[in-house]
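Peer 1: compute the structure for the input listed below.
(one chain, ligands or ions: 2)
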Amino acid sequence: MSEALLDVESVTKTFRAGSWPRRGTPTVAVGGVGFTMAAGESLGIVGESGSGKSTLAGIICGLTRPDSGRVRIAGRDVHAGRRVDPRIWRTVQMVFQDPYTSLNPYMSVEEIVAEPLRLWRDVPAGRARRDAAEILDRVGLGAQVASRRPSSLSGGQRQRASIARALAVSPELMVLDESVSALDVSVQAQILRLLLDLKREEGMAYLLISHDISVIRLVCDRVLVMNKGEVVEECTAEGLTEDAVQHPYTRRLLSAVPELKVG
Ligand SMILES: Nc1ncnc2c1ncn2[C@@H]1O[C@H](COP(=O)(O)OP(=O)(O)OP(=O)(O)O)[C@@H](O)[C@H]1O
Ligand SMILES: [Mg+2]
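Peer 2: Ligands and ions are numbered 1, 2, ... in the order given. Below you'll find the predicted structure:
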């Protein structure tokens, strides 16, 4: 059997609000989650607000240390050392729920997208700029936007800039946390088409967190449903229908879903 691209084993994370002596009640954000993903596969994660999706995504990308459990990406244990080895960001890239905080306000959009190419791919500055311009074009941000700072962009443009930054690295795994939900419908279709193209062309794998079932159905092969920090259901994207699913939350989620078409 070939090795999994992503192997998540019994991961847990509890947050404790407040500080001594007034410790609040602990919140179990992720309570023992395990699953694997193959190279080139796309996996959706759905679940109600506060069910632990973003916490799990942060643990997978090495941004949050789990209390216990293990995450392996391409065979490498992400949390093995005292600090996360930044080389894992050649293999995994993440687009956050709120892109504003993740873009350096002092750099132009083109510099922001070119930076990880130089850092993680050792691409020389000139070529990194050209590659950045190309990927920006693919997400629909032309030369006019590329020279601007993040503060002068619209929310949707900023979101596309952060998607371009992550895609530029050509990671084997992209983690997208509600990254397309807020985009204008036509822009969203363009980004989804790009994700599908990159999956086909480069075998890119996606871990896609979304409350939008139509987006999940379009992009994902398989879906995990999270509830209160646990995976309560797993099914194929086609199996994500009201009749087939078991968990009440999943059924609630599925009632009244508009169909999304990407031509
Ligand atoms: N840094 C933190 N400190 C304390 N509690 C936290 C922290 N981060 C997350 N939590 C708590 O952990 C739980 C899971 O949060 P998380 O952000 O992972 O949920 P989510 O599924 O991504 O929700 P949403 O769909 O609203 O984005 C929530 O109860 C949240 O309040
Ligand atoms: Mg979240």
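
Peer 1: and whichever strand or helix holds residue 14, what does it pack onto?
Peer 2: According to DSSP states H and E, residue 14 maps onto strand 6-16. Judged by 3 or more C-beta pairs under 8 Å, 6 or more residues apart in numbering; DSSP states H and E, strand 6-16 is in contact with strand 26-37, helix 53-60, strand 68-73. The way it works is simple: take the backbone N, C-alpha and C, and place the C-beta from them, glycine included.

Peer 1: what's next to whichever helix or strand comes after the last one, contact-wise?
Peer 2: Right, strand 68-73. Using DSSP H and E, the helix or strand that follows strand 68-73 in sequence is strand 76-77. If you take C-beta atoms under 8 Å, 6 or more residues apart in numbering as the criterion, strand 76-77 is touched by 70, 71, 85, 88, 91.

Peer 1: what does stretch 221-231 give?
Peer 2: Outside stretch 221-231, the residues touching it (C-beta under 8 Å, 6+ apart) are 28-35, 41-48, 51-53, 56, 216, 232-237, 239-240, 245, 247, 249-250, 253.

Peer 1: dump the C-alpha coordinates for it into PDB.
Peer 2: Output of stretch 221-231 as PDB, limited to C-alpha atoms (Å, rounded to 0.1, in the frame of the first residue of the first chain):
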ATOM      1  CA  ASP A 221     -14.200  13.200  -3.400                       C
ATOM      2  CA  ARG A 222     -15.000  12.400   0.300                       C
ATOM      3  CA  VAL A 223     -16.400  14.300   3.200                       C
ATOM      4  CA  LEU A 224     -16.000  14.200   7.000                       C
ATOM      5  CA  VAL A 225     -18.700  15.600   9.300                       C
ATOM      6  CA  MET A 226     -17.500  17.100  12.600                       C
ATOM      7  CA  ASN A 227     -19.600  17.700  15.700                       C
ATOM      8  CA  LYS A 228     -18.200  18.900  19.000                       C
ATOM      9  CA  GLY A 229     -14.600  18.100  18.100                       C
ATOM     10  CA  GLU A 230     -15.300  14.600  16.700                       C
ATOM     11  CA  VAL A 231     -15.800  13.100  13.300                       C
END
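
Peer 1: say whether ligand 1 is contacted by that stretch.
Peer 2: No. Judged by C-beta under 6 Å from any ligand atom, stretch 221-231 makes no contact with ligand 1; its nearest approach is 6.6 Å.

Peer 1: mind listing what's buried along that stretch?
Peer 2: Residues 221, 222, 223, 224, 225, 226, 227, 228, 229, 231 are the ones in stretch 221-231 that count as buried (16 or more other C-beta atoms under 10 Å).

Peer 1: quick one: mean pLDDT for that stretch?
Peer 2: Averaged over stretch 221-231, pLDDT sits at 94.

Peer 1: ok so, going back, buried sites along the strand holding residue 14?
Peer 2: 6, 7, 8, 9, 11, 12, 13.

Peer 1: what does stretch 112-132 give?
Peer 2: Those would be 112-118, 120, 123, 128-129, 131-132, for stretch 112-132 by 16+ other C-beta under 10 Å.

Peer 1: with that, I have no additional questions.
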